[in-house]
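[1] Quick one, structure for this:
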Amino acid sequence: MRYVQEFSESWQPLLSASIGLAFGYAATAYTNNIFVPKLMAEFGWSSAEISLVGSAVFIAAICNAIIGRVADVVGIRAVAIFGIVAEVLILLCLSFMNGDFLEYAILYVALTVLVAATTTQIVYSRLVVHTFNQARGMALAISGCAPPLAWAFMIPFLSEYINQQGWRSGYRLLAGLVGVGGLLALLLMRTKNIIGATERTEPKISTFPLYSSRAFWLIMLGFALGSLTIIVQTNQLNVLLLRTGLDSTSASLLISAWAMGVVAGILLCGALLDRFPGYMVAACYMTLPGIGLLIIAAGATSPALLLIAVLFMGLTMGAEGNLAGYLISEYFPLEVFSRAIGAAVGALAFSGAFGSVLLGICLKLAGSFTPFLLFAAASAVVGSVMLWKLKWEPRRIQPVATVASTTGMTMGCDAGGD
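    Modelled structure (predicted):
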């Protein structure tokens, strides 16, 4: 069966993508909550100051498209090397901080701008879409699950290490883990018996009119409009649940259910993408958070209804990047994949940042989550309609890479042919 055969033939690029994603920017994103309380306690920084540096996401949203363009020209390996080295160096610099908040802010912005785009789906998803065809959706899901699963296991050990050795040693240990993981991903990426579908030796700038493509803007608008719910899920979910009348224990249990829904949703999304049209899966998936928010906005207090609401939100959280990567691989040639997914990830980031600002305004003016919940839910529905419209756009399915015994050829990760 070809579906299973693709995994046996292309396990190395899949493993490379999984490790690269787990030890890239995700490593700092998942561990930031461990370090921040230690820094605040030692240097006296406030929560407001820490929240302020989050505005770097606006800059990162622009950089994603630029890095994607660079990856299409110079190759994903060069971009990945840059990102890995930059992350290690920034983490080491963080370990030497002396309490100057400006220093922390500069390093955090550098981490967001230089690493968030160079060690995420913009680079590593291309390995997957390049070598998988029938099992592309599940392969993207497996690599997408690697970061949460890896850090769910490692965070308790890192946290205990920080408690024993201090946050400075913690940053240095994290830098070492990132370096080793990144090196392993690069070694697996350099597979000599996988021949790329667009193998070439010289950089090439594609003439495909990406930004004038209707499908491109449908994907951008669909994910941007459907991602306003991100801020609620990542920063405000516990507060929102407590406002429904739940006690802290029940709210914590629901958040745990949400976290399990995130992993389950990524895998389910991958399975569905391999069996149903991508536009259909994306449109249905991006509607789910809106339904969840409507349940809460309607004043639901039943634990069962609230469980359904958080599960609907969790099923989509984390799958957006995989959905975007899959749709881009269907509708655009491989030569512009990194540029296109860079723009898509940028749209997701910008939407999340805009949602944060909008939520703050709603809370200040209305003192309630309800206006924002209703607006975000309606936005998700409109975004889903945009994605459904892809049904009438021409698809450009990329040929899967073939496995051969030929040596001396790489998967085009060096210059434009990744």
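[2] switch to C-alpha atoms for all contacts and neighbour counts from now on
    Will do.
[3] Look up phi and psi at residue 23.
    phi -110, psi 20 (degrees, to the nearest 10).
[4] Equivalent analysis for residue 298, please.
    Residue torsions, per degrees, to the nearest 10, at residue 298 are phi -70, psi 0.
[5] Relative to residue 85, how far out is it?
    Going from residue 298 to residue 85 by Cα to Cα, to the nearest Å gives 48 Å.
[6] Please say which of the two ends up with more neighbours.
    Legend: neighbour count by other Cα atoms under 10 Å for residue 298 and residue 85, higher for residue 85 (16 against 11).
[7] dump the residue contacts of the residue nearest to that one when sequence neighbours are not counted.
    Leaving aside its sequence neighbours, residue 85 sits nearest to residue 179 (Cα to Cα, 6 or more residues apart in numbering; 7.4 Å). For residue 179, the contacting residues are 84, 85, 88, by Cα atoms under 8 Å, 6 or more residues apart in numbering.
[8] so how far is the helix or strand containing the first one off the chain centroid?
    Assessed by DSSP states H and E, residue 84 sits inside helix 76-94. Taking Cα atoms, centre = their mean, to the nearest Å, one finds the center of helix 76-94 at 18 Å from the center of the full chain.
[9] Let's test this: mean pLDDT of the helix or strand residue 279 falls within, rounded?
    Using DSSP H and E, residue 279 maps to helix 278-297. Mean pLDDT, helix 278-297: 93.
[10] Equivalent analysis for stretch 305-319, please.
    Rounded mean pLDDT across stretch 305-319 is 89.
[11] which parts of that stretch are buried?
    306-319 (16 or more other Cα atoms under 10 Å).
[12] Repeat that for stretch 263-281.
    Going by neighbour count (16+ other Cα under 10 Å), the buried part of stretch 263-281 is 263-274, 278-281.
[13] Mind checking which of the buried residues of stretch 305-319 land in helices?
    The helices, defined by DSSP state H, take in 306, 307, 308, 309, 310, 311, 312, 313, 314, 315, 316 from the buried residues of stretch 305-319.
[14] ok so, going back, any chance of CSV for the contacts of residue 179, columns distance to residue 17?
    As requested, those are exported to CSV (distance: Cα to Cα, whole Å):
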residue, distance to residue 17
84, 13
85, 17
88, 18
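[15] circling back: turn the ones in helices among the buried residues of stretch 305-319 into CSV, including distance to residue 79.
    Shown next, in CSV, are those (distance: Cα to Cα, whole Å):
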residue, distance to residue 79
306, 42
307, 41
308, 40
309, 39
310, 36
311, 36
312, 35
313, 32
314, 31
315, 31
316, 28
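[16] distance between the helix holding residue 279 and the chain's centre?
    18 Å.
[17] For that helix, which helices and strands make contact with it?
    With contacts taken as 3 or more Cα pairs under 8 Å, 6 or more residues apart in numbering; DSSP states H and E, helix 278-297 sits against helix 214-226, helix 248-273, helix 303-316, helix 320-331, helix 370-388.
[18] Pipe these into CSV and attach distance to residue 161 per row.
    CSV is the format used below for those (distance: least, Cα to Cα, whole Å):
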stretch, distance to residue 161
helix 214-226, 39
helix 248-273, 24
helix 303-316, 30
helix 320-331, 32
helix 370-388, 40
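[19] Least confident of the ones you listed, on average?
    helix 248-273 (a mean of 86).
[20] Which strands and helices lie in contact with it?
    helix 136-165, helix 237-243, helix 278-297, helix 303-316, helix 320-331.
[21] buried sites along whatever helix or strand comes next after the first one?
    Remark: after helix 136-165, the chain's next helix or strand is helix 167-189, criterion DSSP H and E. Along helix 167-189, the positions that meet the burial threshold by neighbour count (16+ other Cα under 10 Å) are 167-175, 177-179, 181-186, 188-189.
[22] what about dumping the CA coordinates of helix 167-189 to PDB?
    The C-alpha coordinates for helix 167-189 follow below in PDB (Å, rounded to 0.1, in the frame of the first residue of the first chain):
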ATOM      1  CA  TRP A 167      17.900  30.000  35.600                       C
ATOM      2  CA  ARG A 168      21.300  30.900  34.100                       C
ATOM      3  CA  SER A 169      22.300  27.200  34.000                       C
ATOM      4  CA  GLY A 170      18.800  26.400  32.600                       C
ATOM      5  CA  TYR A 171      19.300  28.700  29.600                       C
ATOM      6  CA  ARG A 172      22.700  27.100  29.000                       C
ATOM      7  CA  LEU A 173      21.300  23.600  29.200                       C
ATOM      8  CA  LEU A 174      18.500  24.700  26.800                       C
ATOM      9  CA  ALA A 175      21.000  26.100  24.400                       C
ATOM     10  CA  GLY A 176      22.800  22.800  24.400                       C
ATOM     11  CA  LEU A 177      19.600  20.900  23.800                       C
ATOM     12  CA  VAL A 178      18.700  23.200  20.900                       C
ATOM     13  CA  GLY A 179      22.200  22.800  19.400                       C
ATOM     14  CA  VAL A 180      22.200  19.000  19.600                       C
ATOM     15  CA  GLY A 181      18.700  18.700  18.300                       C
ATOM     16  CA  GLY A 182      19.300  21.200  15.500                       C
ATOM     17  CA  LEU A 183      22.500  19.300  14.400                       C
ATOM     18  CA  LEU A 184      20.600  16.000  14.400                       C
ATOM     19  CA  ALA A 185      17.900  17.500  12.200                       C
ATOM     20  CA  LEU A 186      20.500  18.900   9.800                       C
ATOM     21  CA  LEU A 187      22.300  15.500   9.600                       C
ATOM     22  CA  LEU A 188      19.000  13.700   8.800                       C
ATOM     23  CA  MET A 189      18.100  16.500   6.300                       C
END
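[23] Quick one: mean pLDDT for that helix?
    95.
[24] Would you mind getting the angle between that helix and helix 136-165?
    Angle, helix 167-189 to helix 136-165, by axes from the mean of the first three to the mean of the last three Cα atoms, to 10 degrees: 150 degrees.
[25] so how far is helix 167-189 from its chain's centroid?
    On Cα atoms, centre = their mean, the centre of helix 167-189 falls 19 Å from that of its chain.
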